[in-house]
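K.L.:
fold the following and give me the result.
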Amino acid sequence: MTAAPANSGDYYILETEEISKHFGAVAAVDGLSIAIPRQGMTSIVGPNGSGKSTLVNLLSGTLPLDGGMVIIDGVGLKLVKAYETPAHGITRTFQEVRLFNQITVWDNIMVVLTNRSLFPAMLERAKPRYREQAQRILENVGMWEKRDSLAMDLSYGQRKLLEIGRALAVDVNIYLFDEPFAGLFPQMLERVKDIMKAMRDDGRTVIFISHNMDIVREMSDHLIVLDSGKLLTAGEVEDALNQEEVIAAYLGA
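P.N.:
Numbering: from 1, shown residues only. Coordinates of the predicted model:
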């Protein structure tokens, strides 16, 4: 595992201390302690059922902790509330895309930008700066031409792009992406990769789950490998993936 610098509080932006989540008798996350660097892009990998999505759900407050602590930029939290995570500098996307299906692409972005409830955001005239931001975001994710379409009428890939646009509309430091590349055609996949690389280059902390090892190798600066809810290893990508216990976990050896 890569050693932390002496001043690890500056190096790591997101940490966990012995966090756990049980579903009945199953420990989906089991006393997990990890540290995610402030700089660069970190991927979370592991076999099916290793606890990857559960971990993201705990970090984002989508699920409550059964025990342990999440430390966000030096602030320790034993209770992470989903509606408070933007105030702590975190936002996320979901493996199963979550949008306001019966409003337009444009309004899906405006609801987030204006930080208002759904109907006021649709009915009130937004300030020019919000409209300019919305246009930049939709152009960035390649959805400007679809701005007047209902979210429910979009293809799967377009829905993923719009959800990423909604995440971009939240001005935070840490972005959690749960399987952002799954099911995308090559052109859309490349666009998502470019967006995430630009976020990293802009100084944002980008964390993503993926089963695609080619993408993990291409995109990641750091790697966290889980198995059965526990940390298997963490560190540089190639070093971690070439460890015998990681190979055994993936191959079932």
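K.L.:
which one is the residue nearest to the spatial centre of the chain nearest to, not counting chain neighbours?
P.N.:
For the chain, Leu176 is the residue whose C-alpha lies nearest the centre (C-alpha atoms, centre = their mean; 1.4 Å). Leaving aside its chain neighbours, Leu176 sits nearest to Arg92 (3.9 Å; criterion: C-beta to C-beta, 6 or more residues apart in numbering). To be clear about C-beta, it is placed using only N, CA and C from the backbone, and glycine gets the same treatment.
K.L.:
okay, now the one you found: neighbour count?
P.N.:
By other C-beta atoms under 10 Å, the residues close to Arg92 number 23.
K.L.:
where's it relative to Arg131, distance?
P.N.:
From Arg92 across to Arg131, the span is 25 Å (C-beta to C-beta, to the nearest Å).
K.L.:
quick one: Glu15 and Ala35 touch, right?
P.N.:
Yes - between Glu15 and Ala35 there is a contact under C-beta atoms under 8 Å: 4.6 Å.
K.L.:
what about the helix or strand where Ser43 lies, distance to the chain center?
P.N.:
Taking DSSP states H and E as the definition, Ser43 sits inside strand 41-45. What separates the centre of strand 41-45 from the centre of its chain is 10 Å, taken as C-alpha atoms, centre = their mean, to the nearest Å.
K.L.:
could you identify the helix or strand that succeeds that strand?
P.N.:
Once the chain leaves strand 41-45, the next helix or strand it forms, by DSSP H and E, is helix 52-59.
K.L.:
remind me what that following helix packs against, helices and strands.
P.N.:
Using 3 or more C-beta pairs under 8 Å, 6 or more residues apart in numbering; DSSP states H and E as the contact criterion, the elements in contact with helix 52-59 are strand 12-23, strand 26-32, strand 41-45, strand 90-92, strand 174-178, strand 205-209.
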